[in-house]
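Asker: Need the 3D shape of this:
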Amino acid sequence: MLLTAGRVAYKLSRFRSLTEYFMQLKLKRSQRTGGMMGGKVIFVLDARAEPSAEEASLVKKYNLG
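Answerer: Next up is the predicted model:
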């Protein structure tokens, strides 16, 4: 069975206590047409990290965010 990001997120969401300990990586993909006549396709991948409480405190402590 191929394990996709959606399936992994679903499996982890059943265990709320585990998701509190791990950083969440949120990915969003999209595409649009570009160029003068719309002959090109532009693919976009946006990534956002949501740190756990412990990781967030370390980011704040070391002024990384």
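Asker: Surely residue 65 is in contact with residue 58?
Answerer: No - in this structure, residue 65 is not within contact of residue 58 by Cβ atoms under 8 Å, at 9.9 Å. (Glycine included, C-beta is placed from N, CA and C.)
Asker: Compare those two and say which is more crowded by neighbours.
Answerer: residue 58 (13 against 9; other Cβ atoms under 10 Å).
Asker: Look up how far residue 27 lies from that one.
Answerer: 23 Å (Cβ to Cβ, to the nearest Å).
Asker: any idea how far the residue nearest the centre of the chain lies from residue 46?
Answerer: Nearest to the geometric centre of the chain sits residue 26, at 1.6 Å (Cα atoms, centre = their mean). Applying Cβ to Cβ, the value for residue 26 to residue 46 is 8 Å.
Asker: May I ask which helix or strand encompasses residue 59?
Answerer: helix 53-61 (DSSP states H and E).
Asker: So what touches that helix?
Answerer: When contacts are defined by Cβ atoms under 8 Å, 6 or more residues apart in numbering, helix 53-61 is touched by residues 20, 21, 23, 51, 64, 65.
Asker: Low-confidence stretches in the chain?
Answerer: The model of the chain has pLDDT under 70 over residues 1-19.
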